[in-house]
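Novice: need a 3D model of the following:
(chains A, B, C and D)
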There are 2 protein chains.
Amino acid sequence: MAKLDFGPIADTTRRAEIVALLRRAILTGQLEPGQKLNELRISEQMRVSRAPLREAMRELVQEGILTSIPYAGTFVIDVTAKDIIDAYSLNKVLDEFAIELAWPQRDPRFFDELDRRHEAVKQATRAVDTTRQIETALQLHGLIYEWADNSVLLETWQRLTSRLQMYFALHQRARNEPVPAEDVHETYVALLKGTDMRAAQRHAREHIDLDFEELLAYARGLEKRPSKN
Amino acid sequence: MAKLDFGPIADTTRRAEIVALLRRAILTGQLEPGQKLNELRISEQMRVSRAPLREAMRELVQEGILTSIPYAGTFVIDVTAKDIIDAYSLNKVLDEFAIELAWPQRDPRFFDELDRRHEAVKQATRAVDTTRQIETALQLHGLIYEWADNSVLLETWQRLTSRLQMYFALHQRARNEPVPAEDVHETYVALLKGTDMRAAQRHAREHIDLDFEELLAYARGLEKRPSKN
DNA sequence: GCTTGTTAGATTGTCGACAATCTGCTTGTC
DNA sequence: GACAAGCAGATTGTCGACAATCTAACAAGC
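Specialist: Residues are numbered from 1 along each chain as shown, chains lettered A, B, ... in the order given. Here you go, the predicted structure:
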């Protein structure tokens, strides 16, 4: 008999589904930064009571994409240029560390996944599906973290990724022209396949993914924007 | 009239107080790893309904010190030797980065705080107050993060700190002899006051705080311990 | 005119009760 | 005795209603 390994069973609580729905809405930019989340309205739209909704919001607050002020409300976090710079600079440091840890762990499965995810990015790019393009690019990026075999590092990166994804989504939403982005990951993938770890780390530290400068300019543009109702 | 700057008002929700209570109980080891948190019992003890308690637990789950299994319960996280190694190694990388960022920001207030927190550690050590000793040592350590002026980094470190504090508390609880720990931070403080940033970074990467090896041995000892009720 | 007190409405925080799910025991069958 | 089915108790998940708090609009006083 073939050896089956079953994945974990799906979370069957409303709370978990609400979390997924809200997170997606925020990360794709459907809920804008600063926007207030009205519990009653949302719970009615989702046909759910406020209890699981509130618990879900509590999770997202801790995840760092919502912020809560007692008796005032829960809001999508505001995005400042400094936030983006901070997240991005930390991301580079973590990348360097992740590469160091993952390097000796690379195996055939790693290279397969690398190609698979790279292909997914290229496909999303061809299809001009910007949301998916961001998702797949971050998943490609995340491979080294999954192979680094350090649960705390992986968790940290996933938190960071939430924000980066949100930032990029906002940015691409702002300029509604199709994204240029020919394949910017070619070098990255090649270096991860190679034998020079230092070179890969240097690339991670120096390479600017996905128009970082433009993203920053956009963020500076929406500084101090009033929060909406 | 003197210029006053008021801090933010205290959170006045039950939820916030519950979070603080639970966190403290976990980080000081009063609630042991693997232990289940019975909602009804705790809510009765605290004279609070289950709603705010559950929201508080949701926060701590996201904070990484509780874990939740739907319809089964919420438990204090289990501590494995690997968790400790992972957290510790990431901590070193973050330290190095924090020192780099904080270095040019050092000012008289920084050095004052440095001495103040160092003194607090020494005092806790003299008083043989192990819990406080851990707290103060981590606060001393946290100074560079507060001065690094990178909110994402600070937040990341605080998450990590929760766990480290829990690990050390467990360790010290296990061996109930008074901690040896004469002043192990003298060099660290001196380097942060000096002019050689590289040396400070190297020290952060290489120096082993608070008997790390012994902590690990302890963690290996309680691997696979059954969870309690 | 500007500030301060009051009030109504809306929204968040909390509560107690009910529904869904799990666990362990008992019972019946072979 | 071993095993599966089913039941009872306990616990978590969800609900609807009430209490506490905030906001904004308006009135009163200087």
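Novice: return the alpha-carbon coordinates of stretch A:111-121 using CSV.
Specialist: In CSV, the C-alpha atoms belonging to stretch A:111-121 read as follows (Å, rounded to 0.1, in the frame of the first residue of the first chain):
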residue,chain,number,x,y,z
PHE,A,111,14.9,22.7,-6.5
ASP,A,112,11.6,21.3,-7.8
GLU,A,113,9.6,23.6,-5.6
LEU,A,114,11.9,26.5,-6.6
ASP,A,115,11.1,25.9,-10.3
ARG,A,116,7.4,25.3,-9.6
ARG,A,117,7.0,28.5,-7.8
HIS,A,118,9.0,30.5,-10.2
GLU,A,119,6.8,29.2,-13.0
ALA,A,120,3.7,30.2,-11.0
VAL,A,121,5.1,33.8,-10.9
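Novice: any weak-confidence spans in chain A?
Specialist: Chain A contains residues with pLDDT under 70 at A:1-10, A:176-183, A:208-211, A:213, A:222-229.
Novice: so which bits of chain A are right by DNA strand C?
Specialist: Within chain A, the positions lying close to DNA strand C (C-beta under 7 Å from any atom of the strand) are A:12, A:36-40, A:50-51, A:54, A:68, A:70-74. C-betas here are computed from N, CA, C, even on glycine.
Novice: which of those are close to chain B?
Specialist: Subset of those in contact with chain B: A:12, A:51, A:54, A:70-71, counting by C-beta under 8 Å from any C-beta of the partner chain.
Novice: how close does residue A:120 sit to DNA strand C?
Specialist: For residue A:120, the distance to DNA strand C (C-beta to the nearest atom of the strand, to the nearest Å) stands at 34 Å.
Novice: returning to that earlier point: so which of the residues of chain A next to DNA strand C is the closest to residue A:111?
Specialist: If you rank the residues of chain A next to DNA strand C by distance to residue A:111 using C-beta to C-beta, residue A:12 comes first, at 36.0 Å.
Novice: in three-state terms, label that closest one for me.
Specialist: Of the three states, residue A:12 takes coil under DSSP: H, G, I helix; E, B strand; the rest coil.
Novice: and the strands in chain A, which stretches?
Specialist: A:36-37, A:66-69, A:73-76 (DSSP state E).
Novice: by contact count, what packs against the first one?
Specialist: Other elements packing on strand A:36-37 under the criterion 3 or more C-beta pairs under 8 Å, 6 or more residues apart in numbering or on different chains; DSSP states H and E are strand A:73-76.
Novice: buried ones in the strand it packs on, by neighbour count?
Specialist: Judged by neighbour count using 16 or more other C-beta atoms under 10 Å in any protein chain shown, the buried positions of strand A:73-76 are A:74-76.
Novice: surely residue A:25 touches residue A:35?
Specialist: No. With contact defined as C-beta atoms under 8 Å, residue A:25 does not reach residue A:35; the gap is 10.1 Å.
Novice: which ones are touching the closest residue to residue A:132 other than its chain neighbours?
Specialist: Setting aside the residues directly before and after it, residue A:132 is nearest to residue A:124 in space (C-beta to C-beta, 6 or more residues apart in numbering or on different chains), at 4.2 Å. Residue A:124 makes contact with A:132-133, A:135-136, according to C-beta atoms under 8 Å, 6 or more residues apart in numbering or on different chains.
Novice: anything in the longest helix along chain A near chain B?
Specialist: Taking DSSP state H as the criterion, chain A has its longest helix at helix A:151-174. Yes. Contact of helix A:151-174 with chain B (C-beta under 8 Å from any C-beta) involves A:151-153, A:155-156, A:159-160, A:163.
Novice: now for that helix, which elements pack on it?
Specialist: Helix A:151-174 is packed against helix A:14-27, helix A:81-102, helix A:130-147, helix A:212-221, helix B:81-102, helix B:151-174, with contacts defined by 3+ C-beta pairs under 8 Å, 6+ apart.
Novice: got the buried residues for the third one?
Specialist: Buried residues in helix A:130-147, counting neighbours by 16+ other C-beta under 10 Å, are found at A:130-131, A:133-145, A:147.
Novice: and the longest one, by the same measure?
Specialist: For helix B:151-174, a neighbour-count test (16+ other C-beta under 10 Å) marks B:152-157, B:159-172 as buried.
Novice: name the residues that touch stretch A:75-91?
Specialist: A:26, A:31-37, A:64-69, A:157, A:160, A:163-164, A:166-167, A:170, A:212, A:215-216, A:219-220, A:222-223, A:225, A:227, B:97, B:150-153, B:156.
Novice: apply 7 Å and report the result again.
Specialist: Stretch A:75-91 is touched from outside by A:26, A:31-37, A:65-67, A:160, A:163-164, A:167, A:170, A:212, A:215-216, A:219-220, A:223, A:227, B:150-153, B:156, with contacts defined as C-beta atoms under 7 Å, 6 or more residues apart in numbering or on different chains.
Novice: is that stretch positioned near DNA strand D?
Specialist: No. Using C-beta under 7 Å from any atom of the strand, stretch A:75-91 stays clear of DNA strand D, coming no nearer than 11.8 Å.
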